[in-house]
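> One predicted model, sequence on top.
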Amino acid sequence: MRVLVTGGAGYVGSYVVEELLANDHEVRVLDSFLFGDAALDPLRDDPNLDVQDGDIRHIEDLSYALEGMDAVIHLAGIVGDPACSVNEQATQSVNIEATKALVEVCKLHDIERLVFASTCSVYGASTLPELNEGSKLNPLSLYAESKIDSEDIILHETHDRFTEPNEVTPTILRLGTLFGYSRRMRFDLVVNILTAKALLEGEIPIYGGDQYRPLLHVHDAARAFVEVVEAPLADVGREVFNVGSNERNHRIEDVGRIVQDCIPDAELRFEPHDEENRDYSVDFSKIEHVVGWEAKKDIADAVEEIREWMRTEDITDYDADRFRNSTYEYL
């Protein structure tokens, strides 16, 4: 298959690209490289990789990148609550308007599949024990709202390829809260930042702690995109899947304790915190039953990965701009 990956140099994208290449697909990356392109360095010698510098907001960049492709994995966007709040107009343009343009250009290029990266943050806060794909959405941030708007655009502006042959058939993946080492590293994610603080400062600060998060390792997320794009279209077309593991619905307090188990010299410290309203536990049975995908890596795996990378690269500046999405202005 010939697959375009938008945002292919990012935290998840570089591993999606790597997984696709390992499965003998031809891969094209479209990325503006706001965070650089070093995450793709180990893959550049692969003859099946084509890297293009471009902006998903520009029709000509989209059209050129889509030429000759069979499928699109759409990862590019402004990711996370803090990053989206930096510039609301940019969030509207990058996360919503560009998605609409992408759908239309996909139709013009007769793209068969579009797999879209959404988020479990769309559930916001809920007292239900486990939220499934049909549960009520309750966005509590501009980021979550932008993902819901994009989901609606994708599903409402496309039709079933089996009844209308020229249509692009979408699949929506709602990812759990990501964690783990990546070549485009982020320390604005809960597991990653707690690990860095434990290693460098000897403290694991927990703010609140009772709120639940569904957690997902970045490598498992990458596998989910590839397994979905390879799955029979009849199984995944026009479907929404939560991506994560029922066993990894953790309270933030429990996340801190797991990090402490891996780094016992660090002290767990609890602080009152009233600002975080997101609290949800998610059911991930559907993707396992329909696609056969399941999560493989846990928090302890990630702590060890991050520890080894920080030691090898002598990382002491986890708060540096390059490790956080919200420090960049999206123009």
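Perfect, thanks for sending it. Residues are numbered from 1 along each chain as shown.
> ranges for the helices of this structure?
Ranges of helices in the chain, per DSSP state H, are 13-22, 59-66, 81-86, 88-91, 98-108, 142-156, 190-201, 218-230, 233-236, 252-262, 285-290, 299-313.
> Reformat these as JSON lines; add distance to Pro42.
Where you see a C-beta, it was placed from the backbone N, CA and C, and this is true even at glycine. JSON lines is the format used below for these (distance: least, Cβ to Cβ, whole Å):
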{"stretch": "helix 13-22", "distance to Pro42": "8"}
{"stretch": "helix 59-66", "distance to Pro42": "22"}
{"stretch": "helix 81-86", "distance to Pro42": "26"}
{"stretch": "helix 88-91", "distance to Pro42": "31"}
{"stretch": "helix 98-108", "distance to Pro42": "28"}
{"stretch": "helix 142-156", "distance to Pro42": "30"}
{"stretch": "helix 190-201", "distance to Pro42": "21"}
{"stretch": "helix 218-230", "distance to Pro42": "14"}
{"stretch": "helix 233-236", "distance to Pro42": "29"}
{"stretch": "helix 252-262", "distance to Pro42": "26"}
{"stretch": "helix 285-290", "distance to Pro42": "28"}
{"stretch": "helix 299-313", "distance to Pro42": "14"}
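> In TSV, list those helices along with mean pLDDT and distance to Val5.
Shown next, in TSV, are the helices of the chain (pLDDT from 0 to 100; distance: least, Cβ to Cβ, whole Å):
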stretch	mean pLDDT	distance to Val5
helix 13-22	98	5
helix 59-66	97	10
helix 81-86	80	20
helix 88-91	84	21
helix 98-108	95	13
helix 142-156	94	17
helix 190-201	97	22
helix 218-230	98	8
helix 233-236	96	17
helix 252-262	96	29
helix 285-290	98	20
helix 299-313	98	22
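> Let me know which of these is the nearest to Ala125.
Among the helices of the chain, the nearest to Ala125 by Cβ to Cβ is helix 142-156 (10.7 Å).
> returning to what we had before: for the helices of the chain, give me CSV that also has distance to Glu167 and mean neighbour count.
Output for the helices of the chain, formatted as CSV (distance: least, Cβ to Cβ, whole Å; neighbours: other Cβ atoms under 10 Å):
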stretch, distance to Glu167, mean neighbour count
helix 13-22, 23, 23
helix 59-66, 15, 18
helix 81-86, 30, 18
helix 88-91, 28, 14
helix 98-108, 7, 20
helix 142-156, 12, 19
helix 190-201, 39, 22
helix 218-230, 17, 23
helix 233-236, 11, 15
helix 252-262, 42, 19
helix 285-290, 21, 15
helix 299-313, 39, 17
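> Lys297 touches Gly180, doesn't it?
Yes: when contacts are counted by Cβ atoms under 8 Å, Lys297 is listed as touching Gly180 (6.6 Å).
> Ok, which of the helices of the chain comes nearest Asp45?
Among the helices of the chain, the nearest to Asp45 by Cβ to Cβ is helix 13-22 (10.6 Å).
> what's the closest one packed up against?
Counting contacts by 3 or more Cβ pairs under 8 Å, 6 or more residues apart in numbering; DSSP states H and E, helix 13-22 is packed against strand 2-6, strand 26-31, helix 218-230.
> In JSON lines, list the ones you listed along with distance to Glu201.
Formatted as JSON lines, the helices and strands packed on helix 13-22 follow (distance: least, Cβ to Cβ, whole Å):
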{"stretch": "strand 2-6", "distance to Glu201": "36"}
{"stretch": "strand 26-31", "distance to Glu201": "33"}
{"stretch": "helix 218-230", "distance to Glu201": "24"}
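> and of the ones you listed, who's closest to Leu142?
Per Cβ to Cβ, nearest to Leu142 of the helices and strands packed on helix 13-22: strand 2-6, 20.3 Å.
> Check which helices and strands the closest one sits against.
helix 13-22, strand 26-31, helix 59-66, strand 71-74.
> Nearest to Ile315 among the ones you listed would be which one?
helix 13-22 (18.0 Å).
> measure the nearest residue to Arg324 once chain neighbours are set aside to Gly176 for me?
Nearest in space to Arg324, with sequence neighbours left out and distances taken as Cβ to Cβ, 6 or more residues apart in numbering, is Asp188 at 4.4 Å. According to Cβ to Cβ, to the nearest Å, Asp188 stands 16 Å off from Gly176.
> neighbour count winner among those two?
Counted by other Cβ atoms under 10 Å, Asp188 and Gly176 do not tie: Gly176 has more neighbours, with 24 against 19.
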